[in-house]
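A.B. asks: Sharing a model that was predicted from the sequence below.
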Amino acid sequence: MILIRIRGSSSSLHRFRLNVSAHVFYKWRQSCQAPTFNFAAFSSTAASRALNIIPVEENVGSLYAPSSEIKKCNTLNIQRENLKNGLREDDGISARLVDICAAAGELDCAFQILNDLSGFRYSGSWNKVISLCIEKKLHGEVSSLISRILDKNVTLDDVALANILRACSGVKVGFHFVEQVHAKIIRYGFSTNQHVCNPLIDLYLKTELVDSAIQIFKNMGTRDSVTWVAMISGLSQSCREMEGILLYCEMRKLGVFPTPYIFSSVISACTKVNLYELGEQLHAQILKWGFSSELFVCNSLVSLYSRCRNLTFAELIFSEMQHRDRVTYNTLISGFAMQGSSEKSLELFEEMHTESLKPDSVTVACLLGTCASMGVLHKGVQLHSYAIKAGMCSDIIIEGSLLDLYVKCSEVKTAHKFFLATQTDNVVLWNVMLVAYGQMGDLQESVHIYSQMQNKGLQPNQYTYPSILRTCTSVGAIDLGEQVQTQVIKTGFQPNVYVCSVLIDMYAKHGKLETAQKIFRRLSEDDIVSWTAMIAGYAQHDMFHESLKLFVEMQERGIRSDNIGLASAISACAGIQAFDQGRQIHSQSVVSGYSSDISIGNALVCLYARCGCILEAH
DNA sequence: ATAGGGTTAG
């Protein structure tokens, strides 16, 4: 078996084309059985240099070259002993071989080489293997590799530490792990070094240890633009967007020049917290700095304008871009999808192909979402087959979107079959099924799903609770609803507006208006659904004065009522025979475009009939 | 070597 073959003349090593089969080399090293082995009397340094000049790809390509090809090569011979003594313990060569193994995807082989070499210092090779683990999603392996590096107690320089940190950042590592690396950093005296601190900040932010990141940031001696980007984008991604935006302001105050990276991060933060005006101001800055044709900057701008429903502008930026990528399309597609323009989204999907861009799972998920909400089953089914062909059906987001499609299009049987076929521990799927059974008014199945998911160890989330509670409300299972509420409190879950509004609705509908009122008053944000639930609840239980009082309060706060709120208020007026006020609300509802709404119509008939205006009632 | 897009809810 041939291990190393060197083509070309032996006189000039640098011109050699050397092909190494790492796998074969390792096998040989393992067995130590001499193959028909040829090598010239090269020193280990020379051989190492030779290995270094070969592009890795070529080695990979020749990994399984046919033997006839090998014979054609001008092969140089060496002694097996030379290799054994000269190469085996040499870090440089081993490092290179690990690189080659890593590039060839021969993970086991790379592991073995690293393992066998007792005196192997840290080198970039560890990183190559770590990257490979990340690529192959062998997350457990990465952590154990890094642990081994740390355990080896070797001296790590700043570059090495930075590489380790970046490797950690690619996988989900626990905070104890990050802290362990951090301890090393402090020990080696790099705690203010920007090359180390930048990836450390990034890692802390990804591990959701935001305050640790801020601490490091504050202690840093010099900060470069990478530091600022890491902080601003990291804060934005950790739902602390405002702090990110404020940090940007601080940065500008300090006279630090913005970069395209900075702009896309801060624009994204603005988009997330609906600070559209600020986003537009930043757009002006972008033009001023001449970054308006940067791909990432444009993408964040398309996202900004899509989210503030200025799709005309989003489309304009999109069309003026010289280069678009998949994300550009996905952003605009999701913009149109959110607006309910499923046709426009689907057009863009087709257009992607003309630019040779391949739609990914994000694209398909967006499109499935719009098909589901528009009830366009046939398009959704087409997308399903596209997803199968593209091999993205195991993507959890695609699974969720597909199940939602079938549920929303009332394909209950298909949905159920699909659900049974998935076998994942994806909470979204359970939540969607909960909605499905709730829609059918099937409390028994809903409860079954609800308890089964918890038996599987899945925590109900902000989508789960409103779903089960809504079903309880609609079928009148208040006791059960109360049990769920107790559970919410017991688990320490912070109820959001959806949970609160459905609780308010449940209690209000079933006459427990004081309880409903308590939850309502504790709600910090103005939520139209909660207001309506209260107003309707009072009216329903003949507490007309309370109902009207709340209706007036809502209007004073500048909240526009929906049809149910208006209808309830009119009913309340009828109840206390407040004819003029009822008439006023009637004209309001006409202005709001509810003149043909059935619930308002019924309330009006009641109002005019009770006030003796039979003609108007008619 | 730091950046941009995503599934389930009244």
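C.D. replies: On my side now, so go ahead.
A.B. asks: Which stretches in the stretch 151-300 of chain A count as helices?
C.D. replies: Using DSSP state H, counting those that start in this stretch, the helices found in the stretch 151-300 of chain A span residues A:158-170, A:175-187, A:194-206, A:210-219, A:225-237, A:241-253, A:260-272, A:276-289, A:295-307.
A.B. asks: Kindly reformat these as TSV containing distance to DNA strand B, mean pLDDT and mean neighbour count.
C.D. replies: All C-beta spots, glycine's among them, are computed from the backbone N, C-alpha and C. Below are the helices of the stretch 151-300 of chain A laid out as TSV (distance: least, CB to the nearest atom of the strand, whole Å; pLDDT from 0 to 100; neighbours: other CB atoms under 10 Å):
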stretch	distance to DNA strand B	mean pLDDT	mean neighbour count
helix A:158-170	6	78	20
helix A:175-187	16	85	15
helix A:194-206	6	92	24
helix A:210-219	12	94	16
helix A:225-237	3	96	22
helix A:241-253	9	96	18
helix A:260-272	4	97	24
helix A:276-289	11	96	16
helix A:295-307	3	96	24
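A.B. asks: Let me know which of these is the nearest to A:T363.
C.D. replies: helix A:295-307 (14.1 Å; CB to CB).
A.B. asks: quick one: average confidence on the helix or strand just after that closest one?
C.D. replies: Under the assignment DSSP states H and E, the closest C-terminal helix or strand after helix A:295-307 is helix A:311-320. Here helix A:311-320 scores 95 as its mean pLDDT.
A.B. asks: ok, is helix A:311-320 in contact with DNA strand B or not?
C.D. replies: No. Helix A:311-320 does not reach DNA strand B (CB under 7 Å from any atom of the strand); its nearest approach is 11.3 Å.
A.B. asks: picking up where we left off before, for A:V327, find the nearest of the helices of the stretch 151-300 of chain A.
C.D. replies: helix A:295-307 (5.3 Å).
A.B. asks: Between the two ends of stretch A:184-203, how far is it?
C.D. replies: 15 Å (CA to CA, to the nearest Å).
A.B. asks: How about residues contacting it?
C.D. replies: A:150, A:155-156, A:158-159, A:161-162, A:165-166, A:168-169, A:173, A:178, A:181-182, A:213, A:216-217, A:219-224, A:226-227, A:230-231, A:234 (CB atoms under 8 Å, 6 or more residues apart in numbering).
A.B. asks: pretty sure A:R240 is touching A:V210, no?
C.D. replies: Yes. Counting by CB atoms under 8 Å, A:R240 does reach A:V210; the two are 6.2 Å apart.
A.B. asks: Nearest to DNA strand B: which residue in the stretch 301-450 of chain A?
C.D. replies: A:G400 (2.4 Å; CB to the nearest atom of the strand).
A.B. asks: where's that residue, which helix or strand?
C.D. replies: helix A:396-408.
A.B. asks: Specify the angle between the following helix or strand past that helix and helix A:396-408 in degrees.
C.D. replies: For helix A:396-408, the following helix or strand on the C-terminal side (DSSP H and E) is helix A:412-422. Put simply, helix A:412-422 runs at 160 degrees to helix A:396-408, going by axes from the mean of the first three to the mean of the last three CA atoms, to 10 degrees.
A.B. asks: residues in contact with the following helix or strand past helix A:412-422?
C.D. replies: As assigned by DSSP H and E, the chain's next helix or strand after helix A:412-422 is helix A:427-439. Outside helix A:427-439, the residues that touch it by CB under 8 Å, 6+ apart are A:396, A:399-400, A:403-404, A:407, A:412, A:415-416, A:419, A:422, A:443, A:445-446, A:449-450, A:452-453, A:458-461, A:463-464, A:467-468, A:470-471, A:474.
A.B. asks: cool, stretch A:517-525 as well?
C.D. replies: Residues contacting stretch A:517-525 (CB under 8 Å, 6+ apart): A:V497, A:C500, A:S501, A:L503, A:I504, A:Y507, A:S530, A:A533, A:M534.
A.B. asks: about what we covered before: what is the mean pLDDT for the helix holding A:G400?
C.D. replies: 96.
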